[in-house]
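# mind folding the following:
(one chain, ligands or ions: 1)
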Amino acid sequence: MTSAQPDGWTPAHDEALIASVDMIGRTGARQLQFGFANDSAETVAEADWWASAYYRGARIMVQHETDALAAVAGLVRKLLQGAYCKCGRVVTLYEHWATVGNKEVLHGRGFWSKQEQVNAGSCRWSRRGARWESSCDADPIPIPGR
Ligand SMILES: [Zn+2]
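Numbering: from 1, shown residues only. Okay, the predicted model is just below:
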């Protein structure tokens, strides 16, 4: 895994990776790491990719992804889903929260019922090119040092 760009890597992959790494930084997460667990894998997809970062003192991790990009994107989903947007609503990556049902974990605040989710309101986030963006037009929260 020393080559800079694996076979099949395109500028769209670059955008997705840039967006994910940027978004992880914007959440305040630190020490992003990713790698693979299966040293004897013969293909990238078999390598059992993982990604992790520290968020508010806790290590957040995704495992068993098919490549580095999927692992890092998985970490973004884990960090974003259920976080609070700058508009004060809860971030969702899905068009309809109903699809999430009662299974969503809101960053240490436990499980929310569908009604609690509806009451809280949600702000849909999606990736546009090389940047994850909210669907609201609330002013960005200034981040010290930027
Ligand atoms: Zn918002």
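# can you name the residues in contact with stretch 65-83?
Residues from elsewhere that reach stretch 65-83, judged by C-beta atoms under 8 Å, 6 or more residues apart in numbering: 6, 13, 16-17, 19-21, 23-24, 27, 29, 32, 34-36, 44-45, 47-53, 55, 60-63, 90-93, 104-107, 109, 125, 132. Backbone N, C-alpha and C define where each C-beta goes, glycine included.
# could you do stretch 32-51 as well?
Under C-beta under 8 Å, 6+ apart, the answer for stretch 32-51 is 1, 6, 21, 24-25, 52-53, 61-68, 70-72, 74-75.
# buried residues, it. List them.
Buried residues in stretch 32-51, counted by 16 or more other C-beta atoms under 10 Å: 32, 34, 36, 47-51.
# make TSV from the residues you listed and add secondary structure, distance to Asp139 and pLDDT to it.
As requested, the buried residues of stretch 32-51 are exported to TSV (DSSP: H, G, I helix; E, B strand; the rest coil; distance: C-beta to C-beta, whole Å; pLDDT from 0 to 100):
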residue	secondary structure	distance to Asp139	pLDDT
Leu32	strand	26	96
Phe34	strand	32	95
Phe36	strand	40	96
Ala47	helix	42	95
Asp48	coil	41	96
Trp49	strand	36	96
Trp50	strand	35	97
Ala51	strand	30	97
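# make JSON lines out of those and add distance to Gln81.
Below are the buried residues of stretch 32-51 laid out as JSON lines (distance: C-beta to C-beta, whole Å):
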{"residue": "Leu32", "distance to Gln81": "18"}
{"residue": "Phe34", "distance to Gln81": "19"}
{"residue": "Phe36", "distance to Gln81": "24"}
{"residue": "Ala47", "distance to Gln81": "25"}
{"residue": "Asp48", "distance to Gln81": "23"}
{"residue": "Trp49", "distance to Gln81": "20"}
{"residue": "Trp50", "distance to Gln81": "18"}
{"residue": "Ala51", "distance to Gln81": "15"}
